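Participant: Structure for this input, please:
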Amino acid sequence: QVQLVESGGGLVQTGGSLRLSCTASGGTFGSYAVGWFRQAPGKEREFVSSISRNGLSTYYAASVKGRFTISRDNAKNTVYLQMNSLKPEDTAVYYCAADPNSLLRSSPPYWGQGTQATVSA
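Facilitator: Now for the predicted structure:
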């Protein structure tokens, strides 16, 4: 069973950047599709981005497309989310999730504990 740990969150100003990392242990990382979700205070958790097992397919929510980039390094068991041109509405707890399916499903079975990203106006 894979375990996921997120890092890289923090406080930035509007227009700034953050790079989130999701590092896995306990499984063959290349066997999992991986994605990012986020949850803002008082709102439901929403999909942000995902990447296929082989890294060839990526998907983004409309709200982040063109600003966020997902990538993976299977040799390092890590998936990254580069977040540029950040807006206050990007403020949320960001969660990493993994799925043994070739593509991430809507309810992945494995989750990290989350990392807080806060964008000040």
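Participant: did I read that right, E89 in a helix?
Facilitator: Yes: per DSSP: H, G, I helix; E, B strand; the rest coil, E89 lies within a helix segment.
Participant: Can you get me a residue count around L86?
Facilitator: Residues near L86, counting by other Cβ atoms under 10 Å, number 22. Just so you know, the C-beta spots here come from the backbone N, C-alpha and C atoms, and that holds for glycine as well.
Participant: pretty sure it is in a strand, no?
Facilitator: No: L86: not assigned to a strand; according to three-state DSSP it is coil.
Participant: OK, contacts around it?
Facilitator: Shown in contact with L86 (Cβ atoms under 8 Å, 6 or more residues apart in numbering): 12, 14-18, 67, 117, 119.
Participant: again, but for Y32
Facilitator: So Y32 contacts 2, 24, 53, 98-100, 110 (Cβ under 8 Å, 6+ apart).
Participant: and the two most separated of these?
Facilitator: R53 and Y110 (13.6 Å; Cβ to Cβ).
Participant: tell me the average confidence for stretch 18-26?
Facilitator: Mean pLDDT, computed over stretch 18-26, is 96.
Participant: Can you tell me what sits against stretch 2-16?
Facilitator: 18-27, 29, 32, 85-88, 94-98, 110-121.
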